[in-house]
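Peer 1: Got a predicted structure plus its sequence, pasted below:
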Amino acid sequence: IPSATHPPARTTAMPPFARGAPPTAPSQPAAAPVYDSVIIGAGHNDLTCAAYLAGAGLRVRVLKRRPVVEGAAVTEETAPGYRASIFSYLMRILHPRIQRDLDLARHGLRVLPCSELVSPVSREDYIQLSGEVARTRAGFARFSRRDAETYPAFDTHLAQAAQVVRKLLWETPVDPTRSDCRGISETLRFAWKYCRIGRSLCRVLDLLTMSAYDYLREWFEDERVMAALAYCASIGTLAGPRPPGRACVIMHYMMGKGEGAAGWGFLRGGTGVITQAIAAAACKCGVNIVTGAQVAEVRGRDGRAVSVVTAGGDEYRARAVASNARAPHVYLQLLDPAVLPPEVLREARGYRTSSTAFKTNIACERPAPLADARLRASRRRPRQPGLFHLHAHRARRGVSRARLRGREARPLAAAPLHHLGDAHHRG
């Protein structure tokens, strides 16, 4: 029931399904429809899930609390005349297959290359990572000839490992602890499918278990070069390059296969374009998106979620309910704890998250001046977006400290310059 606190929900127009037309519904249905899936949230993950389900011919409804479709990838006006990416600021690992399957380019996704990543190592010098291997190699040569010669093999090594992981991302994980016939069959089928990977799988295992420092030390000798590459392993964490398992984050940031260095790319119009493009693709597949619909309860019966109730009193019945909301919120607030197994409740109550970063959007009247001539020379193409790693002049010292305590006390900072190539995304 609409109220001042809970305004009436708005529903997007539902175009024909991508694969076949939807069944004709009576003008006055006798009962509320039962959807194949109701999805809570309309971020890029939720909408991707919805688009694939609808593309397979299922009837899908998406519920969004806010009046707009967005998520972590959202563009908003931060000052008069300035629009900025509020949360996520780069496209990194939007899988190429998803881009092709949903035809996101047709729906407005335009990637701007972020192919010049500049890391000052002092007030007089810098290291530049480029989408062009030869250019990065030339930059490394000013610090270490051996590292410059090694870099092409390192880049190929990471690319091959990333190719394996991209394939694994589309596999349903097997449970090797299952001893029943089905579990054993699934494990054997998975092992047979990837038995030809061989040494490539060993490379992935090294990345999953080694520290970023140890992994980079096997390839490079100059710690300034190592620090520039280890930057990726420090994003989004309080740990430095020393803890085990941090090497995989280097590959994680290079497996996007987007535009520019390390698979990174800006979006024309900001990261909100990602969500809008996926939403358009989902609607084309037949997804029904309802905004202004805050979910108040997920109802269960016989061990299954059967419906979703909004704060306005609307109930949507479904054969399956999917959610990308925080686990404690779903299990402890939306669901009745009485319907959950004790181990799920225990894990949900023990789930902890904390922020490791903050972001500030700055609207500038002109590009920031660079004090050093070498840094100014690194921006010969001013219309190409760039990313500066600030405080990297302490990175060499930071890597040495990380050997002893596994953590850098003075964190790094990044300054992405979107406006250099995107008139629609100023800031």
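Peer 2: Looks like it came in fine. Numbering: from 1, shown residues only.
Peer 1: can you tell me the average pLDDT over whichever helix or strand Arg189 is part of?
Peer 2: Assigned by DSSP states H and E, Arg189 belongs to helix 181-193. On average, the pLDDT along helix 181-193 is 85.
Peer 1: And stretch 234-249, by the same measure?
Peer 2: 79.
Peer 1: quick thing: my sequence starts at 141, can you match it?
Peer 2: Fine by me, first position is 141 from now on; the one you just mentioned is stretch 374-389.
Peer 1: Give the buried residues for it.
Peer 2: 374, 379-383, 386-389 (16 or more other C-beta atoms under 10 Å). For every residue, glycine as well, the C-beta is placed using N, CA and C.
Peer 1: Helix or strand: which one has the residue nearest to Thr377 when sequence neighbours are not counted?
Peer 2: In this structure, Thr377 finds its nearest non-sequential neighbour in Thr496, 5.5 Å apart by C-beta to C-beta, 6 or more residues apart in numbering. Assessed by DSSP H and E, Thr496 sits outside every helix and strand.
Peer 1: burial count for Thr496?
Peer 2: 12 (other C-beta atoms under 10 Å).
Peer 1: Look up how far Ser374 lies from it.
Peer 2: Applying C-beta to C-beta, to the nearest Å, the value for Thr496 to Ser374 is 9 Å.
Peer 1: sorry, back to before: now the helix holding Arg329: buried residues?
Peer 2: So for helix 321-333, counting by 16+ other C-beta under 10 Å, buried means 326, 330.
Peer 1: Which helix or strand lies directly C-terminal to that helix?
Peer 2: Assigned by DSSP H and E, the successor of helix 321-333 is helix 339-349.
Peer 1: Could you pull out the strands in the stretch 341-490 of the chain for me?
Peer 2: All strands of the stretch 341-490 of the chain, identified by DSSP state E, counting those that start in this stretch, fall at 405-407, 428-431, 435-441, 444-450, 455-458, 461-463.
Peer 1: just those: most buried one?
Peer 2: The highest average neighbour count among these, using mean count of other C-beta atoms under 10 Å, belongs to strand 405-407 at a mean of 28.
Peer 1: and Arg506, how far is that from Ile324?
Peer 2: 65 Å.
Peer 1: One more: Leu193?
Peer 2: Taking C-beta to C-beta, one finds Leu193 at 29 Å from Ile324.
Peer 1: before we move on, what about Arg306?
Peer 2: Arg306 is 27 Å from Ile324, by C-beta to C-beta.
Peer 1: and the two most separated of the buried residues of stretch 374-389?
Peer 2: Gly380 and Cys388 (15.2 Å; C-beta to C-beta).
Peer 1: Can you list the low-confidence ranges for the stretch 241-390 of the chain?
Peer 2: Along the stretch 241-390 of the chain, segments meeting pLDDT under 70 span 338, 376, 378.
Peer 1: now with 80?
Peer 2: In the predicted model, the stretch 241-390 of the chain carries pLDDT under 80 at residues 253-266, 271, 316, 334-343, 371-380.
Peer 1: the helices in it, which residues?
Peer 2: 273-281, 285-308, 321-333, 339-349, 352-357, 363-374, 387-392 (DSSP state H, counting those that start in this stretch).
Peer 1: and what of the stretch 441-567 of the chain?
Peer 2: Using DSSP H, counting those that start in this stretch, helices in the stretch 441-567 of the chain cover 467-469, 482-489, 513-517, 535-545.
Peer 1: Now the weakest link among those, please, by mean pLDDT.
Peer 2: Among the helices of the stretch 441-567 of the chain, helix 535-545 scores lowest, with a mean of 43.
Peer 1: isn't Val461 right next to Gly181, touching?
Peer 2: No. The pair Val461 / Gly181 is not scored as a contact, 11.3 Å apart, by C-beta atoms under 8 Å.
Peer 1: List the buried residues for stretch 357-368?
Peer 2: 357, 359-360, 362-368.
Peer 1: how far is that stretch from where the chain is centred?
Peer 2: 27 Å (C-alpha atoms, centre = their mean, to the nearest Å).
Peer 1: What's the end-to-end length of that stretch?
Peer 2: End-to-end distance for stretch 357-368, by C-alpha to C-alpha, to the nearest Å: 13 Å.
Peer 1: and if you look at stretch 312-321?
Peer 2: Per C-alpha to C-alpha, the first residue of stretch 312-321 is 17 Å away from its last.
Peer 1: Repeat that for stretch 222-238.
Peer 2: 30 Å.
Peer 1: tell me which residues form a beta bridge with the residue lying closest to Glu455 once chain neighbours are set aside?
Peer 2: Spatial nearest neighbour of Glu455, chain neighbours left out: Val449 (4.9 Å); criterion: C-beta to C-beta, 6+ apart. Note on Val449: beta-bridge partners by DSSP bridges are Glu437, Glu455.
Peer 1: was I right about Val449 contacting Ala458?
Peer 2: No. Shown here, Val449 and Ala458 do not form a contact pair, counting by C-beta under 8 Å, at 11.6 Å.
Peer 1: distance of Arg232 from Pro556?
Peer 2: With C-beta to C-beta as the criterion, Arg232 and Pro556 are 12 Å apart.
Peer 1: can you check Gly453 too?
Peer 2: 43 Å.
Peer 1: Of those two, which one has the most company?
Peer 2: Counted by other C-beta under 10 Å, Gly453 and Pro556 do not tie: Pro556 has more neighbours, with 19 against 11.
Peer 1: How about the more buried one: what's its closest non-neighbour residue?
Peer 2: Leu527 (4.9 Å).
Peer 1: Which pLDDT value belongs to Met154?
Peer 2: Value for Met154, per-residue pLDDT: 36.
Peer 1: and what of the one 10 residues further on?
Peer 2: Looking at Thr164, its pLDDT reads 37.
Peer 1: For the spatially most central residue of the chain, which three-state class applies?
Peer 2: By C-alpha atoms, centre = their mean, the chain has its centre lying nearest to Ile233, at 5.8 Å. The three-state assignment at Ile233 reads coil, by DSSP: H, G, I helix; E, B strand; the rest coil.
Peer 1: Hmm, Tyr353 is touching Pro381, no?
Peer 2: Yes. Using C-beta under 8 Å, Tyr353 makes contact with Pro381 at a distance of 4.3 Å.
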